[in-house]
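J.: build the 3D model from these lines:
(4 chains)
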There are 2 protein chains.
Amino acid sequence: MRSSRDACLPLLAEVFREHGYDGASLSVMSAATGLTNGSLYHFFPGGKDEMLGAVLESIGTWFESSVFVPLRSVPAGDRAAAEQALQEMARSVSDYFRSGKRVCLGGVISLSFHNDRFATAVSQYFTSWIDALAHTLTAYGSADPTGQARMIVATVQGAIVLARAFDDPEVFDSALALAIPGAVK
Amino acid sequence: MRSSRDACLPLLAEVFREHGYDGASLSVMSAATGLTNGSLYHFFPGGKDEMLGAVLESIGTWFESSVFVPLRSVPAGDRAAAEQALQEMARSVSDYFRSGKRVCLGGVISLSFHNDRFATAVSQYFTSWIDALAHTLTAYGSADPTGQARMIVATVQGAIVLARAFDDPEVFDSALALAIPGAVK
DNA sequence: GTCTATAGAGTGATAGAC
DNA sequence: GTCTATCACTCTATAGAC
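T.: Residues are numbered from 1 along each chain as shown, chains lettered A, B, ... in the order given. Coordinates of the predicted model:
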């Protein structure tokens, strides 16, 4: 049984998002999860590295089923289905990142000093997103699906930065609307 | 005389960029600047907060003269001058951020827990950039200069994330080329 | 203006009781 | 599986010699 371990992953994820790797101290994690230092090390003997690794994996799993699978499920050449999938992605992404109030952990880690240690998890996360999105954009009729997919994912990351800098969720949502073809303006 | 204080600002900036606020310990700063703990506190009695504040100010000054002023200097309606200024910005920005290898401190801080404490400096940095860029885009003939300026600045931030995630500078430069009108492809 | 020494709190991690 | 207690270390910040 690993229900307690699994249950604390979203809480640990939030701590890593809010505080980054270095700011995510065990005392903060303890407070966030209600587990003590000892219990956390029971679940994650590898310490903070293993905690962040498990968190990244659980985030990847969520995106896989909630965002990537729908994008990949668009039938080839079905422009209407593609447009619908793009709108759906815009909505899930805006919800997940709370219109830019919530940070993307993959983005935070890629900007951080500890980038290298989690490089495979982070690059796989972005690669899966871009590939799935490129599939949908191909069905949509994009001339450069991969390039456009990269631009959209980059825009999401940059829009989080700006929305937080200006403390204005509207900045996030309007950037998304501009970047994603077929998204509701 | 404050030459020693000023001289260490770029070194401290690099430390904050590489390690973030929490990872930027005084021992790392000491090693990077060649100054001891005591000397750093002599220059910045307010501690890390004052150090980061001074660093953000010095970065803002550099961008002001090197990036924002050229953008604002484009004469109204001069499309050729605007295109040239956009190309120049693309080049300076790619150089400054080393094709995405080097992180944007404003972006890092805006994603971090300590966002609020440096909110004015960071939002002013992005506001100045967007406003100066919107001026150039107006001269270029953009239908939505401010919206496009926001998209370009967001793309720069997102492109840094992706270039680092993929450890591929080409991702940064090609995103810039796609986002900036008139930039060299 | 630069240094050493030090204080006091917090850090990640481990050991072992229950 | 959850806890307390503890270790060795690092952290920010201060005091004071030179």
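J.: make it CA atoms for all contacts and neighbour counts henceforth
T.: OK.
J.: residues of chain A that sit close to DNA strand D?
T.: Neighbours of DNA strand D within chain A, by C-alpha under 7 Å from any atom of the strand: A:M1, A:R2, A:S4, A:R5, A:G34, A:L35, A:T36, A:N37, A:G38, A:S39, A:H42.
J.: nearest to B:L52, of the residues you listed?
T.: For the residues of chain A next to DNA strand D, the closest approach to B:L52 (C-alpha to C-alpha) belongs to A:N37, at 31.5 Å.
J.: so that closest one makes contact with A:L26?
T.: Yes - counting by C-alpha atoms under 8 Å, A:N37 touches A:L26, with 6.6 Å between them.
J.: show me which of those two is the more surrounded one.
T.: A:L26 (16 against 13; other C-alpha atoms under 10 Å in any protein chain shown).
J.: how about the more buried one, what does it touch?
T.: A:N37 (C-alpha atoms under 8 Å, 6 or more residues apart in numbering or on different chains).
J.: on that earlier part again, turn the residues of chain A next to DNA strand D into JSON lines, including pLDDT and secondary structure.
T.: As requested, the residues of chain A next to DNA strand D are exported to JSON lines (pLDDT from 0 to 100; DSSP: H, G, I helix; E, B strand; the rest coil):
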{"residue": "A:M1", "pLDDT": "57", "secondary structure": "coil"}
{"residue": "A:R2", "pLDDT": "65", "secondary structure": "coil"}
{"residue": "A:S4", "pLDDT": "90", "secondary structure": "helix"}
{"residue": "A:R5", "pLDDT": "94", "secondary structure": "helix"}
{"residue": "A:G34", "pLDDT": "97", "secondary structure": "coil"}
{"residue": "A:L35", "pLDDT": "97", "secondary structure": "coil"}
{"residue": "A:T36", "pLDDT": "97", "secondary structure": "coil"}
{"residue": "A:N37", "pLDDT": "97", "secondary structure": "helix"}
{"residue": "A:G38", "pLDDT": "97", "secondary structure": "helix"}
{"residue": "A:S39", "pLDDT": "98", "secondary structure": "helix"}
{"residue": "A:H42", "pLDDT": "98", "secondary structure": "helix"}
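J.: which one of these sits closest to DNA strand C?
T.: For the residues of chain A next to DNA strand D, the residue nearest DNA strand C by C-alpha to the nearest atom of the strand is A:G38; the value is 4.4 Å.
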